[in-house]
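Student: Make a model of this:
(2 chains)
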Amino acid sequence: MQIYLPIAELSLNLFFLIGIGGAVGFLSGLFGIGGGFLLTPLLIFSGIPAPVAVASVTGQVAAASTSGALSYFKRGGIDFHLALYLVLSGIIGAFGGVAAFSALRNAGHLDLVISLGYLLFLGLVGLAMLIEAARSLLRDLKGVKTPLKLPGQHNWVHGLPLRIRFKRSKLYVSVLPVLFIGSSIGFLGALLGIGGGFILVPALIYILRVPGNVVIGTSLVQVIAIMSASTILHSLDSQSVDILLAFCLMVGGVVGAQFGASAGKYLRGDQLRALLALIVLAVAIRFAITLLIEPNDLFSTSLLGIGG
Amino acid sequence: MIKKYFFFLVSIIFLFTFTSLANAQRLINALSDRQVSIDSSFDGKTISFFGNIEPNIGSSEKYVDGPFHVITIITGPELDRVVRKKANQIGIWLNQTSQNYDKFPSFYWVLSDSNLENITSAKILEQNSFLPKHQPQKALKLQGEQNYITSEFDQELVRLMEEKGHFGISTNAINFHSDTFYSGSLALPADVPVGYFLTQTYLFKNGEIIFSKAESFTVKKTGFERFLGNFANHSPLLYGIFCVILALFTGWLGGVAFRR
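Tutor: You can find the predicted model right below:
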């Protein structure tokens, strides 16, 4: 059944859209990620213009993160004080991201920056995750028990000025790295159409030493806020949010996430991380191919102005 | 003196016969749709048109004398477009050079009843910029480009538009059912541009254009699609906020329904 998307101005199969929403939702439930970094490329590769794909996925990621955040909220797994700082800086970053998005689109370099951005971030994050997961798996094979070393350890970041106490996270840390992380994720999220959870969670754990019981809930709050702000900013700036497209993806995503979450119980943490790392790397490689290998068609055409 | 009068007479007669010849026929034609509506199940639409060639009003002739040929050109809304070319820089393929085409047709199909070379000469086709390949030059001239040399961008643009199915030539889209009655059709693709379409029909006899007639139709979003498109364009802030509320609500509903 074909459905006409009013903003993308083309028609796609309804079941295809709900299907990829569901497949990505399954992975997002499995790994506890928003899934934007998978969904945006999938939409671009299936012919949806990059601006519409990026802008519409922001809405989908907000939806996918909401159900997760709610369950963390019930368990008390959210540090709202920390989230406030992340959200405010994140929204400022999102303004920058959307401004960069339109400037790049007008200059004809949006596709390039999206590809480069994905390649760089997914490549680095994927590699780091893979190495970490492989080490953990190897240690496990040797039978060495590894103590959870993170809480209580300090690094140079904790020596910065303007320190603030975050009670729930049991942290007394400078506000500068918090604002830096928040605004960078906001910028990248709006520019690349990703929630940024897969960068934010490691950043909170490894840089700020946020404890495990609040890190995911807090990062989900930040993701919802940034993605909501990006959706509104993209609507205002380029009118490229396709609500019908976003809604189809949301429905698939929300349902898929439930099945993913139940499936996740049958896999161990390090196995999950290794699997996620491989998926992240695969997407990065896909982007590397488009950048490094001579394209079949050197020429491309697009409309100038809004919606192009 | 007599010679001069004779010349005058001949030229009058010549003029008279020529104009009466040019106006001896006229074309009565019609389109199947004045408006193509895009709703949520829109998946392309076929536009049909038909016409009849008959003696012009006031013409002394009772019958028209063929054989006739028909070319119908369907032009979509004119929009500003850019063509970009990728080049390899420090190992990365990126857009490097580009050419803008202002007011370039977003849709351009040439339909005819026979191979174009059977209908008229290449010279007439080029003089009137009838073919898809003439469109880039036409746009560049209109936008006052100083040095409009035919560049590779011109033909690449036409190629890209043809690959999208938005440009093309179809020499069997029109059929003559009798010496004077014809019908034709064109399938508009699902991603047809929205806006005002012009259909220009040219009647040919012995390779010359003897009559032409223009008609138009519009492609527009209707119902829910139109509402959403207008909503997004006219009140983007509200639209964005509505999208966010929809997203949060859907997420909340999913969480409640499945009790994660």
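Student: In three-state terms, how would residue B:41 be classified?
Tutor: coil (DSSP: H, G, I helix; E, B strand; the rest coil).
Student: And it, how close does it get to residue A:73?
Tutor: Residue B:41 sits 40 Å away from residue A:73, going by CB to CB, to the nearest Å. All C-beta atoms are positioned from the backbone trio N, CA, C, and that covers glycine.
Student: what does residue B:127 give?
Tutor: Counting by CB to CB - residue B:127 and residue A:73 are separated by 72 Å.
Student: circling back to that earlier point, between residue B:41 and residue A:73, who's got more neighbours?
Tutor: Counted by other CB atoms under 10 Å in any protein chain shown, residue B:41 and residue A:73 do not tie: residue A:73 has more neighbours, with 15 against 12.
Student: Might one say that the more buried one is in contact with residue A:217?
Tutor: Yes: counting by CB atoms under 8 Å, residue A:73 touches residue A:217, with 6.8 Å between them.
Student: tell me the contacts of the residue nearest to residue B:252 when sequence neighbours are not counted?
Tutor: In space, and not counting its chain neighbours, residue B:252 is closest to residue A:66: 5.7 Å by CB to CB, 6 or more residues apart in numbering or on different chains. Residue A:66 makes contact with A:224, B:247-248, B:250-252, B:254-255, according to CB atoms under 8 Å, 6 or more residues apart in numbering or on different chains.
Student: what are the ranges of the helices in the stretch 51-200 of chain B?
Tutor: B:116-119, B:122-127, B:135-142, B:152-164 (DSSP state H, counting those that start in this stretch).
Student: what residues does the last one touch?
Tutor: The reference is to helix B:152-164. A:297, A:299-301, B:81, B:83, B:85, B:98-99, B:101, B:104, B:108, B:132-133, B:135-137, B:140, B:167-168, B:189, B:191.
Student: Over to the first one?
Tutor: Contacts of helix B:116-119 with the rest of the structure, by CB under 8 Å, 6+ apart, involve B:69, B:71, B:110, B:112-113, B:125, B:131, B:169, B:171, B:204, B:207.
Student: which stretches of the stretch 101-250 of chain A have low pLDDT?
Tutor: A:143-159 (pLDDT under 70).
Student: tell me which parts of it are close to chain B?
Tutor: A:108-109, A:111-112, A:116, A:224, A:227-228, A:231-236, A:239, A:241, A:243-244, A:246-247, A:250 (CB under 8 Å from any CB of the partner chain).
Student: let's go with 10 Å and repeat that
Tutor: Residues of the stretch 101-250 of chain A lying near chain B by CB under 10 Å from any CB of the partner chain: A:106-113, A:115-116, A:119, A:224, A:227-244, A:246-247, A:249-250.
Student: Packing partners of whichever strand or helix holds residue A:30?
Tutor: Residue A:30 is part of helix A:14-31, with elements assigned from DSSP states H and E. Applying 3 or more CB pairs under 10 Å, 6 or more residues apart in numbering or on different chains; DSSP states H and E, one finds that helix A:14-31 contacts strand A:2-5, helix A:36-45, helix A:50-74, helix A:197-203, helix A:243-264, helix A:269-292.
Student: repeat that with 8 Å
Tutor: Applying 3 or more CB pairs under 8 Å, 6 or more residues apart in numbering or on different chains; DSSP states H and E, we find helix A:14-31 packed against strand A:2-5, helix A:36-45, helix A:50-74, helix A:243-264, helix A:269-292.
Student: Strands of the stretch 51-200 of chain B, start to end?
Tutor: B:69-75, B:78-89, B:92-105, B:108-112, B:167-170, B:174-176, B:181-188, B:195-205 (DSSP state E, counting those that start in this stretch).
Student: Tell me how far residue A:111 lies from residue B:155.
Tutor: Residue A:111 is 23 Å from residue B:155, by CB to CB.
Student: Between these two, which is the more surrounded one?
Tutor: residue A:111 (22 against 13).
Student: dump the residue contacts of that one.
Tutor: Residue A:111 neighbours (CB under 8 Å, 6+ apart): A:50, B:95.
Student: and if you look at the one 5 residues further on?
Tutor: Applying CB under 8 Å, 6+ apart, we find residue A:116 in contact with A:287, A:291, B:92.
Student: one more time with 7 Å
Tutor: residue A:291 (CB atoms under 7 Å, 6 or more residues apart in numbering or on different chains).
Student: In the stretch 51-200 of chain A, what residue lies closest to chain B?
Tutor: Using CB to the nearest CB, the single residue of the stretch 51-200 of chain A nearest to chain B is residue A:66, 2.7 Å away.
Student: residues from the stretch 51-200 of chain B in reach of chain A?
Tutor: Counting by CB under 7 Å from any CB of the partner chain, the stretch 51-200 of chain B comes close to chain A at B:79-86, B:91-95, B:98, B:100, B:156-157, B:160, B:190-191, B:194.
Student: Quick check, pLDDT for the residue in chain B that chain A sits nearest to.
Tutor: Per CB to the nearest CB, residue B:251 is where chain B lies closest to chain A, at 2.7 Å. Looking at residue B:251, its pLDDT is 87.
Student: That one is in contact with residue A:64, isn't it?
Tutor: Yes: taking CB atoms under 7 Å as the definition, residue B:251 is a contact partner of residue A:64 at 6.5 Å.
Student: Look through every helix and strand of chain B and give the one with the lowest mean pLDDT.
Tutor: helix B:2-22 (a mean of 52; mean pLDDT, DSSP states H and E).
Student: what packs against the next helix-or-strand element following that helix?
Tutor: Elements were assigned by DSSP H and E; along the chain past helix B:2-22, the next helix or strand is strand B:25-31. Judged by 3 or more CB pairs under 7 Å, 6 or more residues apart in numbering or on different chains; DSSP states H and E, the packing partners of strand B:25-31 are strand B:45-55, strand B:195-205, strand B:208-221.
Student: hey, which of those is tucked in deepest?
Tutor: Scoring the helices and strands packed on strand B:25-31 by mean neighbour count under mean count of other CB atoms under 10 Å in any protein chain shown gives strand B:195-205 as the most buried, with a mean of 20.
Student: mind listing what that one pairs with, with the direction of each?
Tutor: The pairing partners recorded for strand B:195-205 under DSSP bridges are strand B:69-75 (antiparallel), strand B:208-221 (antiparallel).
Student: pLDDT on the shortest one, on average?
Tutor: Averaging pLDDT along strand B:69-75 gives 93.
Student: Specify the angle between that strand and strand B:45-55 in degrees.
Tutor: Angle of strand B:69-75 versus strand B:45-55, following axes from the mean of the first three to the mean of the last three CA atoms, to 10 degrees, is 140 degrees.
Student: With only the CA atoms kept, save strand B:69-75 in PDB.
Tutor: Output of strand B:69-75 as PDB, limited to C-alpha atoms (Å, rounded to 0.1, in the frame of the first residue of the first chain):
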ATOM      1  CA  HIS B  69       1.000  15.000 -37.300                       C
ATOM      2  CA  VAL B  70       0.600  16.100 -33.700                       C
ATOM      3  CA  ILE B  71       3.200  17.000 -31.000                       C
ATOM      4  CA  THR B  72       2.000  17.700 -27.500                       C
ATOM      5  CA  ILE B  73       4.500  19.200 -25.000                       C
ATOM      6  CA  ILE B  74       3.700  19.000 -21.300                       C
ATOM      7  CA  THR B  75       5.600  21.400 -19.200                       C
END
